[in-house]
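In: sequence and predicted structure below; questions after.
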Amino acid sequence: MKKADIKNLSAGDIQNKLAEARADFNKMKMAHSVSPIENPIQIKDLRKTIARLETELTLKQQ
């Protein structure tokens, strides 16, 4: 998810997306620890998306 897309979301939407992203991240990490996934870069991208969401949520709550 791009930064421009995240800026257009409301705080509630960001929290929902953040919960979904964290759940996906945990599933992906578990799947990768059991057997390597095809594209491990997806884990890195999801981690960065979570950071972007958290940053934008902090800015909107101030």
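Out: Done, it's in. Residues are numbered from 1 along each chain as shown.

In: I'd like to know the average pLDDT value across stretch 50-62.
Out: If you average the pLDDT over stretch 50-62, you get 94.

In: what does stretch 27-47 give?
Out: For stretch 27-47, mean pLDDT rounds to 94.

In: which residues touch it?
Out: Outside of stretch 27-47, the residues within contact range by C-beta atoms under 8 Å, 6 or more residues apart in numbering are 21, 24-25. To be clear about C-beta, it is placed using only N, CA and C from the backbone, and glycine gets the same treatment.

In: how far does it sit from the chain's center?
Out: 13 Å (C-alpha atoms, centre = their mean, to the nearest Å).

In: how about it: buried residues?
Out: Within stretch 27-47, the residues that count as buried by 16 or more other C-beta atoms under 10 Å are 28, 43, 46.

In: from the contacts of stretch 27-47, which land in helices?
Out: Applying DSSP state H to the contacts of stretch 27-47, the entries found in helices are 21, 24-25.

In: can you say which helix or strand has the most centrally placed residue in the chain in it?
Out: The chain has I50 as the residue nearest its centroid, 3.1 Å off, counting by C-alpha atoms, centre = their mean. Secondary-structure assignment from DSSP states H and E places I50 in helix 41-61.

In: okay, that helix in CSV with CA atoms only?
Out: Extracted C-alpha coordinates of helix 41-61, given in CSV (Å, rounded to 0.1, in the frame of the first residue of the first chain):
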residue,chain,number,x,y,z
ILE,A,41,10.2,-10.2,0.0
GLN,A,42,6.5,-10.1,0.6
ILE,A,43,7.3,-10.3,4.3
LYS,A,44,9.5,-7.3,4.1
ASP,A,45,7.0,-5.3,2.1
LEU,A,46,4.2,-6.1,4.6
ARG,A,47,6.4,-5.0,7.5
LYS,A,48,7.0,-1.7,5.8
THR,A,49,3.3,-1.3,5.1
ILE,A,50,2.5,-1.9,8.8
ALA,A,51,5.1,0.8,9.7
ARG,A,52,3.5,3.2,7.2
LEU,A,53,0.1,2.6,8.6
GLU,A,54,1.3,3.1,12.2
THR,A,55,3.0,6.3,11.3
GLU,A,56,0.0,7.8,9.5
LEU,A,57,-2.3,6.7,12.4
THR,A,58,0.0,8.5,14.9
LEU,A,59,-0.1,11.6,12.7
LYS,A,60,-3.9,11.6,12.5
GLN,A,61,-4.3,11.1,16.2
